[in-house]
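Peer 1: Okay, predicted coordinates and the sequence, questions at the end:
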Amino acid sequence: MTSDQQQVRGKLLRNVRSEAGARVLYLATRFFIPPFVLSHIGMQAYGLYGTLFILVAYIGISTIGFSSAYIKYVAEFAAGNRFDEANRLLSAGIFITTPVALVVFAVFAFSWSRGAAFMKVPPALTSDARFLAFAIVGSFLMCLGFSVFRDALSGLQMINTVQRIWILSFVVESALIFTLVGRGWGLRGMGIAFVARSVIDLGFSAVVAYRCIPWLHVSPRLVNRAAVRRLLSFGSVVQINSLLAIFLNTVERVIATPLCGLAAAGLLDISTRLPYMALSVPGAFAGAALPSISDLRGREGTDEEKHASVRHVYLTCTRYMNAISGTLLGFIAVVSVPVLTFWLKKVPEGAPLLMTAFAICSQFHLMTGPGTSMVKGIGRPRMEFHYSLANIAALCVTVPLSRLFFGSWSATSVGLAVASATICSAIYFISVANRCLQIKPMDFLRRSVWPGVLPYAAALATMLPMQLIAVPQGRLLLFSWLALRFTIFASLLACLWWTLAAGNNEKAAVLNRMAWLRQSVTAQA
């Protein structure tokens, strides 16, 4: 590993630690919200809440393509001291997208009645559904214009600052959800909480950006054709990819809602919630990879040196993402019934099987994250279509086959079909990304895939001894049982990792950290 690669790796891991820490706090709040909300508004209203988020997410993708462009080009321009070009790009973004957001909101308001009919909203929930939909859509569209400040901070790799603002926003949102929903505000309370979160996130990001970035200047006079062309040419490709990604991330509920009803959509939402929450922590690597790779592309050096650095970042991200996600998702997949029992108290029929399936497919999906960040960072976002289009093609095969196999439409048949399609398309895209970076299949299997397989081996190995201890009743005893099982699982996994996966540099880093801890304890004593 060269000194430049060590520097890049160190900065990447610092950013990952900051982002992962914020995501752990976010998961802590998200873990308790679904059972609380379910107990107050019921499965049908909860299914409506999840379905509304799917609907407005397709409008919210208007922010994603531009956000990737802001992060990529701010990182590149700042690395080359091209601050004027960065300001022109950010100015083009905010002063072009804001009028577009107002038009989109007006179109949404005009067509809301058709959307409510498509979702089969019950008459009793019509008013609350309208309020919630308008609140969430307005918040998403507000991000379209004002996310430039948050993304500028991310592009400069000020991840710690961005995460602190995000923590404040979702803590306030969580407090409002528990307060308002607990007092009977229902879906309206959840809408108010989401608006508050968005205002805090965007408002504080703008203030901090102006204080921390000395060269930042946004004005309509700075907008020129070159900035608009750069923003649209890169952002439009990412935009289409984002639209496809949101469709694929919610396709099980998109299919199940009209065919099986809101209750099936609620079941699928519950079954995917914990696996998707588990993705949040290792997903920090993908979030930090884009500005890191873009920064490398903006520095001086030969193409071969840049290519080697990008390959190093990619392999580092896939290795640790897969190891962490395997640890979380492997445990969830094997003990899905006790986990759901502790979380929800009453386990919906079909939820354990679906959660196991989505835990496995989520790990495959997460492994595509460094690849998608890589193709954006090197300026080839069209390569991401290899994943989305392959996923759609696989769905055209797996969904009809699942209907034939089960004999009817259900949450289970739809969920398993989607999970199978995700696994197949993820394997294909990873092979495409590896070919682009000239990574041999066996090298990738050894360095990146193997660390994610070991957790499943450890989880399965702990099944036999834990069979001797009956699963207890009651949440407190069940929590103790789960904690014991996870401790045994983690201990076995640590032994397997140290023996079969850890490299010499990783072992040395662990031993150095342990020596530092012993010295600290000795000094305090």
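Peer 2: Okay, I see it.
Peer 1: shaky segments in the stretch 1-150 of the chain?
Peer 2: 1-21, 43, 53-65, 119 (pLDDT under 70).
Peer 1: Swap in 80 and give it another go.
Peer 2: Across the stretch 1-150 of the chain, the ranges flagged by pLDDT under 80 are 1-35, 37-69, 72, 76, 79-80, 115-126, 129, 140-141, 143-145.
Peer 1: swap in the stretch 201-350 of the chain?
Peer 2: For the stretch 201-350 of the chain, the stretches with pLDDT under 80 are 230-274, 276-310, 312-313, 343-350.
Peer 1: Let's see that with 70 instead.
Peer 2: For the stretch 201-350 of the chain, the ranges with pLDDT under 70 are 235-254, 256-263, 265, 284-303, 305.
Peer 1: residue boundaries of the helices in it?
Peer 2: 225-260, 262-280, 284-298, 303-334, 336-344 (DSSP state H, counting those that start in this stretch).
Peer 1: Repeat that for the stretch 51-200 of the chain.
Peer 2: For the stretch 51-200 of the chain, the helices defined by DSSP H, counting those that start in this stretch cover 64-79, 83-118, 126-146, 148-155, 159-182, 186-212.
Peer 1: how far off helix 126-146 does the first one point, in degrees?
Peer 2: Calculated by axes from the mean of the first three to the mean of the last three Cα atoms, to 10 degrees, helix 64-79 forms an angle of 20 degrees with helix 126-146.
Peer 1: ok, and which of the helices of the stretch 51-200 of the chain has the densest surroundings?
Peer 2: Mean neighbour count (mean count of other Cβ atoms under 10 Å) peaks for helix 148-155 among these, with a mean of 27. Placement of C-beta: from N, CA and C, glycine included.
Peer 1: by contact count, what packs against that one?
Peer 2: helix 64-79, helix 83-118, helix 159-182, helix 186-212, helix 284-298 (3 or more Cβ pairs under 8 Å, 6 or more residues apart in numbering; DSSP states H and E).
Peer 1: Let me have those in TSV, extended by distance to residue 222.
Peer 2: Below are the helices and strands packed on helix 148-155 laid out as TSV (distance: least, Cβ to Cβ, whole Å):
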stretch	distance to residue 222
helix 64-79	13
helix 83-118	4
helix 159-182	24
helix 186-212	15
helix 284-298	20
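Peer 1: Figure out which of those is closest to residue 491.
Peer 2: Closest approach to residue 491 among the helices and strands packed on helix 148-155 is made by helix 284-298 (24.8 Å; Cβ to Cβ).
Peer 1: Could you report the distance from residue 106 to residue 327?
Peer 2: Distance, residue 106 to residue 327, using Cβ to Cβ, to the nearest Å: 47 Å.
Peer 1: er, residue 350 actually
Peer 2: As for residue 350, its distance to residue 327 is 26 Å (criterion: Cβ to Cβ).
Peer 1: Give me the more crowded residue out of these two.
Peer 2: More crowded of residue 350 and residue 327, by other Cβ atoms under 10 Å: residue 327, with 25 against 17.
Peer 1: Was I right to think the more buried one contacts residue 455?
Peer 2: Yes - proximity of residue 327 to residue 455 meets the contact threshold set by Cβ atoms under 8 Å, at 4.7 Å.
Peer 1: hey, what's in contact with both of these two?
Peer 2: Common neighbours of residue 327 and residue 455, using Cβ atoms under 8 Å, 6 or more residues apart in numbering, are residue 493.
Peer 1: Any idea which of the helices of the stretch 51-200 of the chain gets closest to residue 331?
Peer 2: helix 159-182 (24.6 Å).
Peer 1: from what I can see residue 386 touches residue 432, true?
Peer 2: Yes - the criterion here is Cβ under 8 Å, and residue 386 meets it with residue 432 at 4.7 Å.
Peer 1: The two: which has the busier surroundings?
Peer 2: Applying other Cβ under 10 Å to residue 386 and residue 432 shows that residue 386 carries more neighbours, namely 21 against 16.
Peer 1: what sits against the more buried one?
Peer 2: Taking Cβ under 8 Å, 6+ apart, we find residue 386 in contact with 428-429, 432.
Peer 1: Adding distance to residue 441, write the helices of the stretch 51-200 of the chain out as CSV.
Peer 2: Formatted as CSV, the helices of the stretch 51-200 of the chain follow (distance: least, Cβ to Cβ, whole Å):
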stretch, distance to residue 441
helix 64-79, 28
helix 83-118, 38
helix 126-146, 40
helix 148-155, 33
helix 159-182, 32
helix 186-212, 41
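Peer 1: For residue 397, pull up the helix or strand it's in.
Peer 2: Assigned by DSSP states H and E, residue 397 belongs to helix 385-406.
Peer 1: Could I get the contacting residues of residue 271?
Peer 2: Shown in contact with residue 271 (Cβ under 8 Å, 6+ apart): 350-351, 354-355, 358, 411, 415.
Peer 1: again with residue 231
Peer 2: Per Cβ under 8 Å, 6+ apart, neighbours of residue 231: 66, 69, 89, 92-93, 96.
Peer 1: Quick check: the farthest pair among the residues you listed?
Peer 2: The widest separation within these (Cβ to Cβ) is 12.0 Å, between 69 and 96.
Peer 1: wait, which of the helices of the stretch 51-200 of the chain is closest to residue 475?
Peer 2: When these are compared by Cβ to Cβ, helix 159-182 sits nearest residue 475, at 18.2 Å.
Peer 1: For stretch 385-400, buried residues please.
Peer 2: 386-388, 390-391, 394-395, 398-399 (16 or more other Cβ atoms under 10 Å).
Peer 1: Would you mind giving the residues you listed as TSV with pLDDT and distance to residue 185 added?
Peer 2: Output for the buried residues of stretch 385-400, formatted as TSV (pLDDT from 0 to 100; distance: Cβ to Cβ, whole Å):
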residue	pLDDT	distance to residue 185
386	79	45
387	82	40
388	79	38
390	86	43
391	84	38
394	88	42
395	85	38
398	88	40
399	84	38
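Peer 1: Need those residues in JSON lines (columns: distance to residue 160).
Peer 2: Formatted as JSON lines, those follow (distance: Cβ to Cβ, whole Å):
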{"residue": "386", "distance to residue 160": "33"}
{"residue": "387", "distance to residue 160": "30"}
{"residue": "388", "distance to residue 160": "32"}
{"residue": "390", "distance to residue 160": "36"}
{"residue": "391", "distance to residue 160": "34"}
{"residue": "394", "distance to residue 160": "39"}
{"residue": "395", "distance to residue 160": "39"}
{"residue": "398", "distance to residue 160": "41"}
{"residue": "399", "distance to residue 160": "43"}
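Peer 1: Residue 490: neighbour count?
Peer 2: Look at residue 490: counted by other Cβ under 10 Å, it has 15 neighbours.
Peer 1: Spatially nearest residue to it (excluding sequence neighbours)?
Peer 2: Distances taken as Cβ to Cβ, 6 or more residues apart in numbering place residue 327 nearest to residue 490, at 7.5 Å, with adjacent residues excluded.
Peer 1: And the pLDDT for the closest residue to residue 387 other than its chain neighbours?
Peer 2: Leaving aside its sequence neighbours, residue 387 sits nearest to residue 429 (Cβ to Cβ, 6+ apart; 3.7 Å). Looking at residue 429, its pLDDT is 89.
Peer 1: can you check residue 515 too?
Peer 2: Reading off the confidence values, residue 515 has pLDDT 78.
Peer 1: of all the contacts of residue 386, which comes closest to residue 26?
Peer 2: For the contacts of residue 386, the residue nearest residue 26 by Cβ to Cβ is residue 429; the value is 26.7 Å.
Peer 1: What residues sit buried inside the strand or helix carrying that closest one?
Peer 2: According to DSSP H and E, residue 429 maps onto helix 411-436. Under the neighbour-count criterion of 16+ other Cβ under 10 Å, helix 411-436 has 411-426, 428-430, 432-434, 436 buried.
Peer 1: Brilliant, that's me finished.
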